[in-house]
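>>> fold the following for me, if possible:
(2 chains)
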Amino acid sequence: MKKLTFILATLLASAAVFAFAFTTEWKVGPKYNIAFSAGEVSGIFKTFTGSLFFDDKDLAGSKFNVSIDVNSINTGNGLQNKHAKDVDWFDAAKYPTITFASKKFAKTGAGYTVTGDLTLHGVKKEISIPFTFANNTFAGTFQVNRNDYKVGKPGGDVEDIVKLTVSVPVVKK
Amino acid sequence: MFVRLLSLGAISGALAGVASLVYQKVYTDSLGYDFSAIVSTPKIMMTCVAAGIVASIGFWALHKLLKSNTEIVFNLIFTILSFASILGPFKTKLPLDVEMPELFVGLTIPMHFFPVLGWLTLRPLFIKSKDL
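Next comes the predicted model:
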């Protein structure tokens, strides 16, 4: 019985390793764009890093693990940038990164959906992000309710629902 | 007096423009960040000359209304407006490819005071106090 369990575990581990090994790894290109818009305030995050494993024929082996540097926020206005990094909003000193770790991928009519954990302002929540992959570029638009992550106070000039637009050109690693 | 005031506005504005350009050069060289694509030389010169001419027209109009009290009232209004104008740089939203918008206010706020300084400094050369 122990021998059988060992063989099954070895087979499973080998399958997982092979699935991962055959999924294409992509390197983030320099001209990516991580933009957000929430009413009167809009801007970009300038620093985005992470590992991207994606193969449309192997969604089970695909994996995104990405990170955004909160301090790289740029709204185009110096005061707004400072304000955004303050304790009341992103609290960049305490929570310097926004991370997304994928759990599963699914094929949809227009493209794909990745479901995973978005950790923002110290709050981790599962979200689904629709995206497309064409011409070696991942592109997607989705919305996040900033109140779910306790970013800022509800209401005010900054809308509660923040629209995010992501465009990430990649090259095979 | 109107022509002399217009000359004062144009000349003090041009000098304020030159002072702004010198300040921009010093600021850029010391901080290593260049805003000349946003705050270009023609924009600086035109804004300063326009500010000087508008100030002169304002002075002339005020003189028609107030006569002897023109100087004190005008100086006060011009200075207050210059201070109020610094809200502009604080509210300006720059293109997102500008890496350091935080440095923009340090460049532009001093420039907002050059027209008033130039105009008030040169005014006695163009309009004598006894003419008021």
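
>>> from the chain's centre, how far out does stretch B:124-132 sit?
21 Å (CA atoms, centre = their mean, to the nearest Å).

>>> start to end distance for that stretch?
End-to-end distance for stretch B:124-132: 11 Å, by CA to CA, to the nearest Å.

>>> other residues contacting it?
B:1, B:4-5, B:7-8, B:63, B:67-68, B:70-71 (CB atoms under 8 Å, 6 or more residues apart in numbering or on different chains). C-beta: built from backbone N, CA, C; applies to glycine.

>>> give me the distance between A:Ile68 and A:Thr47.
The span separating A:Ile68 from A:Thr47 equals 7 Å under the rule CB to CB, to the nearest Å.

>>> ok, now A:Gly61?
A:Gly61 is 27 Å from A:Thr47, where distance means CB to CB.

>>> settle it for me: which of the two has more neighbours?
A:Gly61 (19 against 14; other CB atoms under 10 Å in any protein chain shown).

>>> quick revisit: looking at the contacts of stretch B:124-132, which is nearest chain A?
Of all those, chain A sits closest to B:Leu8, with 34.9 Å by CB to the nearest CB.

>>> can you count the residues close to the closest residue to that closest one other than its chain neighbours?
Computed as CB to CB, 6 or more residues apart in numbering or on different chains, the closest residue to B:Leu8 that is not its neighbour in sequence is B:Phe126, at 4.0 Å. Other residues lying near B:Phe126 total 19 when counted by other CB under 10 Å.

>>> same question, A:Ala60
The tally of other residues near A:Ala60 (other CB under 10 Å) stands at 12.

>>> ok so it is a strand residue?
No - applying DSSP: H, G, I helix; E, B strand; the rest coil, one finds A:Ala60 to be helix, outside a strand.

>>> which ones are touching the residue in chain A that chain B sits nearest to?
Distances between chain A and chain B by CB to the nearest CB are smallest at A:Gly78, namely 3.6 Å. Each residue near A:Gly78 by CB under 8 Å, 6+ apart is listed here: B:100-105.

>>> check these one by one and keep those near chain A.
Among the contacts of A:Gly78, the ones lying near chain A by CB under 8 Å from any CB of the partner chain are B:100-105.

>>> helix, strand or coil for the residue nearest the centre of chain A?
For chain A, A:Phe100 is the residue whose C-alpha lies nearest the centre (CA atoms, centre = their mean; 4.0 Å). When classified by three-state DSSP, A:Phe100 comes out as strand.

>>> how close does it get to A:Ala110?
Distance from A:Phe100 to A:Ala110, by CB to CB: 20 Å.

>>> pLDDT wise, what is A:Thr99 at?
What the model reports for A:Thr99 is a pLDDT of 97.

>>> my guess is it contacts A:Val66. True?
Yes - using CB atoms under 8 Å, A:Thr99 is in contact with A:Val66, at 6.9 Å.

>>> looking at the two, which one has more neighbours?
Each of A:Thr99 and A:Val66 has its neighbours counted (other CB under 10 Å); A:Val66 has more, 21 against 16.

>>> does that one touch A:Thr49 like I think?
Yes - if you go by CB under 8 Å, A:Val66 and A:Thr49 touch, sitting 7.0 Å apart.

>>> contact residues of chain A facing chain B?
Close to chain B, as judged by CB under 8 Å from any CB, chain A has residues A:35, A:43-44, A:46, A:74-82.

>>> quick check: PyMOL command selecting the buried ones in the residues you listed.
Buried subset of the residues of chain A next to chain B, written as a PyMOL selection, criterion 16 or more other CB atoms under 10 Å in any protein chain shown:
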select buried, chain A and resi 43+44+46+74+75+76+77+78+80+81
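
>>> let's see which of the residues of chain A next to chain B end up in helices.
Under the assignment DSSP state H, these contribute A:78-82 to helices.

>>> any idea which of these is closest to A:Phe133?
Using CB to CB, A:Asn81 comes nearest to A:Phe133 of these, at 31.5 Å.

>>> from B:Phe90, how far off is the closest one?
From A:Asn81 to B:Phe90 the distance is 12 Å (CB to CB).

>>> for A:Gly109, give me phi and psi.
The phi/psi pair for A:Gly109 (degrees, to the nearest 10) reads phi -60, psi -50.

>>> pLDDT below threshold where in chain B?
Across chain B, nothing is flagged by pLDDT under 70.

>>> residues in it within reach of chain A, list them.
For chain B, the residues in contact with chain A (CB under 8 Å from any CB) are B:90-96, B:98-105.

>>> now for these, which sits with the most neighbours around it?
Sorting the residues of chain B next to chain A by how many neighbours each has (other CB under 10 Å) puts B:Pro101 first, at 23 neighbours.
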